[in-house]
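Engineer: everything below, folded, please.
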Amino acid sequence: MIDATVGALSERPVQQALDDASAGDGPETRVERFVRALHHVTPEVERLGRSLVRLTVDAPRSDATGMPRRGYRRIEWIESALAPWRNQLKPAKWQRLVCALAMVVGWEALIAQRDVCGLSAAEGEELSVWVARAIVRAALSEETGRAAGR
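Structural biologist: I've put the predicted structure just below:
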């Protein structure tokens, strides 16, 4: 129930940010729009997000299915934000990029920013944008550099 509620409350602003992206936006700009939309949640949504993390962390782990416990929306949003560049990366590199971004945006990153680093909401948002842009830049330049060296 919490996952569905958090998803419903978060989906509209994130989807709007993805829909507002123009064809001329570069990958870093598109990822920035997505990250900023994720950060613009109300205190109530943040409280629910923290509860969701608590429940999934405390739940017994069943590796039999190999399926993630949660986060499918975040993965879909990341893939959507970067979809125009998917073919520039080999599948393993694409997967690494998506997973790297999933690690630095979302509830876990927000909790670390606030509780571990003591950052304000605005400082946390700027940090997430900076890290996400750096990851995208590194992944695409690594692939471009590799292609140039061939």
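Engineer: give me the below-cutoff pLDDT ranges for the protein.
Structural biologist: 1-10, 23, 42-43, 58-71, 144-150 (pLDDT under 70).
Engineer: helices along that one, start to end?
Structural biologist: For the chain, the helices defined by DSSP state H cover 2-20, 27-39, 43-58, 72-82, 91-104, 107-111, 121-149.
Engineer: as a markdown table, those helices with mean neighbour count would be great.
Structural biologist: For the C-beta atoms, the positions are set from N, CA and C on the backbone; glycine is no exception. What follows is the helices of the chain, written out as a markdown table (neighbours: other CB atoms under 10 Å):
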| stretch | mean neighbour count |
| --- | --- |
| helix 2-20 | 15 |
| helix 27-39 | 21 |
| helix 43-58 | 15 |
| helix 72-82 | 19 |
| helix 91-104 | 16 |
| helix 107-111 | 20 |
| helix 121-149 | 15 |
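Engineer: doesn't residue 86 make contact with residue 79?
Structural biologist: Yes. Counting by CB atoms under 8 Å, residue 79 touches residue 86, with 7.5 Å between them.
Engineer: what do these two both touch?
Structural biologist: Common contact partners of residue 79 and residue 86 (CB atoms under 8 Å, 6 or more residues apart in numbering): none.
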